[in-house]
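# Here is a sequence together with a model predicted from it:
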Amino acid sequence: MDGGGAGNEIAALASGRTGSNNVVSASGGRGLDAADFARAKPDAASVAALSRTAAGEAAAAQFAKSGHLQTRHVAYIREPKSSGSQR
């Protein structure tokens with residue numbers, strides 16, 4: 001499964017779908033358009049509530065140990081260089 005690059009690492013993950021034309025994931029939200037995203041406002045209270053439910057490092061390590069999981073380092077994936085056009 002180790003093809004040498006981060007892109008190969010991700011490509012090697014099994015999606016559970018085989019064949020062609022099977023969409024596995026998409027970026028964005030269904031039913032939302034660009035105007036909905038433009039009007040969106042941060043919800044600091046919800047982010048804080050989510051942060052309070054996060055597992056601590058010790059609990060995560062114990063969970064991993066109990067499941068016989070092993071650490072796997074994956075390189076940071078850099079954004080491709082643009083071809084001169086601005087977003």
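Structure received. Numbers count the residues shown, from 1 in each chain.

# Flag the shaky bits of this structure, pLDDT-wise.
1-29, 83-87 (pLDDT under 70).

# all helices for it, in order.
6-11, 34-39, 44-52, 57-66 (DSSP state H).

# what comes up buried for the last one?
When neighbours are counted by 16 or more other CB atoms under 10 Å, no buried residue of helix 57-66 is found. Using the backbone N, CA and C atoms, a C-beta is placed for each residue, glycine as well.

# hmm, who's touching it?
By CB atoms under 8 Å, 6 or more residues apart in numbering, the residues outside helix 57-66 that reach it are 55, 69, 71.

# quick check, nearest of those to residue 41?
Distance to residue 41 across those (CB to CB) is lowest for residue 55, with 28.1 Å.

# returning to what we had before: and the helices of the chain: which comes nearest residue 81?
helix 6-11 (14.5 Å).

# dump the residue contacts of residue 50.
By CB under 8 Å, 6+ apart, no residues touch residue 50.

# Against residue 43, how distant is it?
For residue 50, the distance to residue 43 equals 10 Å [CB to CB, to the nearest Å].

# Overlap in contacts, these two.
With CB under 8 Å, 6+ apart as the test, residue 50 and residue 43 reach no residue in common.

# export the contacts of helix 57-66 to a markdown table and tack on distance to residue 80 and neighbour count?
Shown next, in a markdown table, are the contacts of helix 57-66 (distance: CB to CB, whole Å; neighbours: other CB atoms under 10 Å):
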| residue | distance to residue 80 | neighbour count |
| --- | --- | --- |
| 55 | 33 | 10 |
| 69 | 31 | 11 |
| 71 | 28 | 6 |
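
# Just name the closest of those to residue 79, please.
For the contacts of helix 57-66, the nearest to residue 79 is residue 71 (25.6 Å; CB to CB).

# which residues does that closest one contact?
Contacts for residue 71 (CB under 8 Å, 6+ apart) come out as residue 64.

# mind checking which of the helices of the chain is nearest residue 82?
helix 6-11 (17.7 Å).
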